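Colleague: Prediction below, plus the sequence it came from.
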Amino acid sequence: MSFDTALPIIFMALMGISMLVYVVSDGYDLGVGMLMHRATEAEKDVMVASIGPFWDANETWLVLGVGILLVAFPRAHGVVLGELYLPVTLMLIGLMLRGVAFDFRVKAKDKHKRTWDRLFFAGSTLAAVSQGWMLGRYVSGFGTGWNYPLFAAAIAVALPMAYVLMGATWLIMKTEGELQERAIQWAKVAWLPMVGGMVLISMATPWVSDVVRERWFALPEIIALMAIPLMTAIALLAVRGLLNSHVVRGSVCWLPFVLLIVVFVLGFLGLAYSIYPFVVIGQMTIWQAASSPAALKVILIGVCISVPAIAGYTVFSYRVFRGKTGELKYA
């Protein structure tokens with residue numbers, strides 16, 4: 001395979017990894033936002049402090065992924081955003097509500113603070129539901145018929161539950177005392193709906209996508225691919241076991257969160273296998289959608305500068321603000 005032929009694959013991989021990092025990193029802080037209404041006023045401050053150093057930078061990965069889609073796969077960009085115009089708009093409204101509410105709640109008087117907390121919850125929920133709908137429509141190849149919107153609606157419900165579980169395990173890792181205990185209970189409540197949603201969606205995906213069905217239910221591929229659902233099931237059962245154990249309150253409080261990251265990575269690998277070599281399933285391959293090799297080479301120079309910078313800052317920020325969350329403070 002020549003370098004010119006491999007370039008679209010490289011950009012598709014970068015776009016996929018960017019979206020995976022976004023879903024994992026912004027997923028937990030969206031989950032924290034959706035849990036805000038369950039917390040006391042003091043606990044809300046701690047919850048906001050736990051995501052304060054990270055939440056804005058997490059969205060950089062979304063910008064990177066969409067940017068790669070725009071410049072590296074302009075033909076697919078038009079198709080994808082044309083189909084998803086409304087949910088993308090709703091997602092952006094939700095993210096803007098989060099950004100405004102996050103900063104204004106700190107300076108607001110007590111009588112207005114609850115309003116900003118509600119807007120933070122509403123923005124988080126709207127963004128998560130919109131992302132679930134977009135994922136469902138994308139995986140089904142933007143098909144027409146009553147079953148496709150139903151499938152997208154199922155993911156629009158399941159993905160927020162996954163985010164809530166991620167947010168709860170993040171709080172287990174980052175907090176102590178009563179809030180940590182409450183986070184454990186929140187995680188237990190969210191675990192079953194998330195697992196049930198994953199099972200139902202996994203069963204429905206081959207039903208709505210011929211491409212996925214042919215990929216996953218052919219011999220001998222199905223034998224090797226069984227490792228993905230089996231490892232996912234083991235990780236999810238391990239999370240549940242840890243939530244029922246006292247050890248999660250101690251030195252391994254980080255483990256449920258890490259196991260959920262593993263679940264998301266396994267889901268990403270399964271999705272990547274299902275759609276390759278398409279950018280839009282059943283409609284457009286990577287090479288059909290890609291910019292010219294000359295353009296991709298120029299874009300690659302910018303990517304080689306920006307991606308290490310974003311990754312380096314991400315690692316640095318998580319390292320600096322590691323450990324348990326303290327009191328919420330603003331200059």
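Modeller: Everything's here; your move.

Colleague: who touches stretch 120-129?
Modeller: Stretch 120-129 has contacts (C-beta atoms under 8 Å, 6 or more residues apart in numbering) with 29-34, 36-37, 90-91, 93-99, 101-102, 105, 156-157, 159-160, 163. Using the backbone N, CA and C atoms, a C-beta is placed for each residue, glycine as well.

Colleague: let me fix that: stretch 176-190
Modeller: Stretch 176-190 has contacts (C-beta under 8 Å, 6+ apart) with 35, 38-39, 43, 46-47, 161, 164-165, 168-169, 171-172, 175, 239-240, 243-244, 248-249, 253, 256, 324.

Colleague: Now that residue 64 has come up, it's in contact with residue 309, right?
Modeller: No - the criterion here is C-beta atoms under 8 Å, and residue 64 misses it with residue 309 at 10.6 Å.

Colleague: Comparing the two, which residue is more hemmed in?
Modeller: Of the pair residue 64 and residue 309, residue 64 is the one with more neighbours under other C-beta atoms under 10 Å, namely 22 against 11.

Colleague: any idea how far residue 213 is from that one?
Modeller: As judged by C-beta to C-beta, to the nearest Å, residue 64 and residue 213 stand 32 Å apart.

Colleague: go on, residue 28?
Modeller: Noted for residue 28: a distance of 32 Å to residue 213, by C-beta to C-beta.

Colleague: When those two are compared, which one has more neighbours?
Modeller: residue 28 (29 against 14).

Colleague: Residue 112 - how many residues pack around it?
Modeller: The burial count for residue 112: 12, using other C-beta under 10 Å.

Colleague: Distance of it relative to residue 98?
Modeller: In terms of C-beta to C-beta, residue 112 sits 17 Å off from residue 98.

Colleague: Please, which helix or strand holds residue 270?
Modeller: Residue 270 belongs to helix 255-275 when assigned by DSSP states H and E.

Colleague: Correct me if wrong, but residue 106 is in a strand.
Modeller: No - using DSSP: H, G, I helix; E, B strand; the rest coil, the assignment for residue 106 is helix, not a strand.

Colleague: one step back: got the contact list for the helix holding residue 270?
Modeller: In contact with helix 255-275 (C-beta under 8 Å, 6+ apart) are residues 16, 20, 23-24, 27-28, 139, 162, 165-166, 169-170, 172-173, 187, 205, 209, 211-212, 215-216, 225, 228, 231-232, 235-236, 238-239, 242-243, 248, 281.

Colleague: export that helix as PDB, just CAs?
Modeller: What follows is helix 255-275, C-alpha atoms only, in PDB (Å, rounded to 0.1, in the frame of the first residue of the first chain):
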ATOM      1  CA  LEU A 255     -10.800   1.000  39.100                       C
ATOM      2  CA  PRO A 256     -14.500   1.300  38.200                       C
ATOM      3  CA  PHE A 257     -13.800   4.400  36.100                       C
ATOM      4  CA  VAL A 258     -10.900   2.700  34.300                       C
ATOM      5  CA  LEU A 259     -13.000  -0.400  33.600                       C
ATOM      6  CA  LEU A 260     -15.700   1.800  32.000                       C
ATOM      7  CA  ILE A 261     -13.000   3.300  29.800                       C
ATOM      8  CA  VAL A 262     -12.100  -0.200  28.700                       C
ATOM      9  CA  VAL A 263     -15.800  -0.800  27.900                       C
ATOM     10  CA  PHE A 264     -15.900   2.300  25.700                       C
ATOM     11  CA  VAL A 265     -12.600   1.300  24.000                       C
ATOM     12  CA  LEU A 266     -14.000  -2.100  23.200                       C
ATOM     13  CA  GLY A 267     -17.200  -0.500  21.800                       C
ATOM     14  CA  PHE A 268     -15.000   1.700  19.700                       C
ATOM     15  CA  LEU A 269     -13.100  -1.200  18.300                       C
ATOM     16  CA  GLY A 270     -16.300  -3.000  17.500                       C
ATOM     17  CA  LEU A 271     -17.700   0.000  15.700                       C
ATOM     18  CA  ALA A 272     -14.500   0.600  13.800                       C
ATOM     19  CA  TYR A 273     -14.500  -3.000  12.600                       C
ATOM     20  CA  SER A 274     -18.200  -2.700  11.600                       C
ATOM     21  CA  ILE A 275     -17.900   0.400   9.500                       C
END
